[in-house]
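# return a 3D structure for these sequence lines:
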Amino acid sequence: MSITSQIAEFNRGERISVAAAVLIYFVMAAIWTINGDYTWDDDAPTRIYNTLNAFSDPIHFVSLWNRPLFVALFAIPLQISMHMVHVLMPFLMAMSSVMAVLGLRKLKIPGAVYTLPFILFQPYLFLLSYQAYTEPLAVVMINLSIYFFARKKWLALAIAGGLIPLARLELAPLLIFWAIPLLKNKQWKGIITMAIPILIWNIGGWLVTDQTLYLLEQTIWKESSGNRYGHNDWDIYLGRYFLVLGPIIFIPFLSGLIFSLVKKKLLPIAVIFGTGFFIYTLFSWKLDLGNAAGFLRNITTLSPFSGILAGIGLHQMILFLNP
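Predicted coordinates:
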C-alpha cells in the first residue's frame with residue numbers, strides 16, 4: 001500500500017490537519033531561513049563547507065564531527081547550491097514525520113495524528129530542522145523506523161536503525177530496541193544489516209587515515225582522559241527539558257509519559273525515551289568520550305518519542321474533558 005493511499009485512509013479532518021501542519025511547517029522554515037541569523041554557533045556553516053569539499057578531501061566523509069550520514073546525503077546536492085540544505089532538510093523532516101504518524105496509526109497508538117505537530121513544532125528541533133545539523137537526521141531515521149516497524153518491513157527497519165549512529169553516534173546503544181523485534185521475528189539478516197553502516201564507516205576511516213580501528217581511535221581511545229567540554233550536573237537535561245519542548249507541548253508530554261507508564265501497550269515508548277534520556281545524561285555527566293556535551297540541541301534526537309507521548313497525553317486530556 002502506497003503512502004498516498006495510507007493517507008487517504010484518514011478522515012477528512014485528519015487529512016486537513018496533516019496538510020495544514022506540513023504546510024505551516026514549510027512556510028515557517030522558509031521564513032526563518034530567509035530572515036534568521038542562520039545559526040547560534042558555527043557548527044552548521046562549517047559542516048556545509050566541509051561537505052562541499054568532501055570529494056577533494058575524503059576525510060570529511062568519515063569525520064566524526066561532520067557525521068557521515070550528513071555528508072553522504074548532501075555532498076552532491078551542495079554542489080548545486082549551498083541552500084539545498086534548507087530545502088532538503090525540512091522536506092526530510094516533514095515527510096518522515098508524516099510516515100511516523102502513519103506507523104503510529106497502524107499500531108493503533110492513541111493520539112497518533114497529534115504527534116505530527118508535536119514533532120515538527122518542538123521549539124529546539126524546529127530551529128535545527130532547516131539547518132545543517134545532524135540531530136534532525138537522527139530524528140528522520142527514527143521516524144522512518146517507526147513506520148517500518150509498524151509495517152513489518154524488517155530490512156528497511158534494520159537499515160534505518162543502522163544509519164542512526166552515522167548521524168549521532170551516541171545513540172548506538174539505543175539500537176537494542178531495534179534489535180529486539182528483529183530477533184523476535186528471527187530476522188537474522190536484519191541484525192547483520194544493522195551493523196553494516198557503522199562497519200563501512202570504520203573501514204572508510206581506515207582507508208583514509210590508516211587507523212585500523214578508526215572509530216575507537218576517534219572516541220574511546222582518543223579522549224579517555226577527560227571530556228572535551230567538561231562535565232555537567234546530573235540534572236542538566238532533566239532541569240531544562242521544559243525549555244526543549246516549550247510549555248504548550250510539555251504539559252501533554254508529561255501527561256502522556258505518566259499514562260504510558262501504566263499501560264502495557266504504551267510502556268515501550270516511555271522506556272525507549274527514558275533510556276535515550278539516560279544515555280544523554282550519562283554522556284554529559286560522567287563519561288569522557290567528548291561526544292554529547294550537554295547541549296540542549298543534542299537531546300532533540302528523542303523528539304519522535306516525546307512527540308508520541310505528547311500525542312498520547314493530549315488524547316487522554318481530550319477524553320477526560322469529553323467523557
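
# give the contact list for residue 182.
Going by Cβ atoms under 8 Å, 6 or more residues apart in numbering, residue 182 touches 154, 157-158, 190-191, 194. Yep, even glycine has a C-beta here, placed from its N, CA and C like the rest.

# out of the residues you listed, which sit inside helices?
If you go by DSSP state H, the contacts of residue 182 have 154, 157-158, 190-191, 194 in helices.

# nearest spatial neighbour of residue 165, chain-adjacent residues omitted?
Nearest residue to residue 165, sequence neighbours excluded (Cβ to Cβ, 6 or more residues apart in numbering): residue 172, at 4.3 Å.

# if I look at that neighbour, how far off is residue 316?
Distance of residue 172 to residue 316, computed by Cβ to Cβ, to the nearest Å: 33 Å.

# the two: which is more packed in?
It is residue 316, of residue 172 and residue 316, that has more neighbours when counted by other Cβ atoms under 10 Å, with 19 against 16.

# work out for me the element that one sits within.
Taking DSSP states H and E as the criterion, residue 316 maps to helix 303-321.

# list the buried ones in that helix?
Neighbour-count burial for helix 303-321, counted by 16 or more other Cβ atoms under 10 Å, picks out 303-317.

# helices of the stretch 101-250 of the chain, residue ranges please.
115-120, 123-129, 135-150, 154-167, 176-184, 188-209, 214-218, 241-245, 247-260 (DSSP state H, counting those that start in this stretch).

# shaky segments in the stretch 1-150 of the chain?
Of all residues in the stretch 1-150 of the chain, those with pLDDT under 70 make up the ranges 1, 8, 37-41.

# how about a cut-off of 80?
Applying pLDDT under 80 to the stretch 1-150 of the chain picks out residues 1-11, 36-42.

# tell me which stretches of it form strands.
Under the criterion DSSP state E, counting those that start in this stretch, strands are not mapped anywhere in the stretch 1-150 of the chain.

# and of the ones in helices among the contacts of residue 182, the nearest to residue 53?
Nearest to residue 53 among these: residue 194, at 30.4 Å, using Cβ to Cβ.

# how many other residues sit next to the closest one?
Residue 194 has 24 neighbours, counted by other Cβ under 10 Å.

# surely residue 97 meets residue 118?
No - using Cβ atoms under 8 Å, residue 97 is not in contact with residue 118, being 9.5 Å away.

# which neighbours do these two share?
Joint contacts of residue 97 and residue 118 (Cβ under 8 Å, 6+ apart) do not exist.

# residue 200 - how many residues pack around it?
14.

# what confidence value was assigned to it?
Here, the pLDDT recorded for residue 200 equals 97.

# go on, residue 221?
The model reports residue 221 with a pLDDT of 71.

# and the one 4 residues further on, by the same measure?
Per-residue confidence at residue 225 stands at 52 (pLDDT).

# please apply the same query to the one 5 residues further on.
Among the per-residue scores, residue 230 holds a pLDDT of 67.

# ok so, going back, residues contacting the residue nearest to residue 165?
Taking Cβ under 8 Å, 6+ apart as the test, what residue 172 contacts is 164-165, 198.

# what's the spacing between it and residue 152?
For residue 172, the distance to residue 152 - Cβ to Cβ - is 24 Å.

# for residue 119, same thing?
Relative to residue 152, residue 119 is positioned 23 Å away (Cβ to Cβ).

# for residue 127, see how far away the residue minimising distance to the centre of the chain is.
For the chain, the residue nearest the mean C-alpha position is residue 139 (1.7 Å; Cα atoms, centre = their mean). For residue 139, the distance to residue 127 equals 13 Å [Cβ to Cβ].
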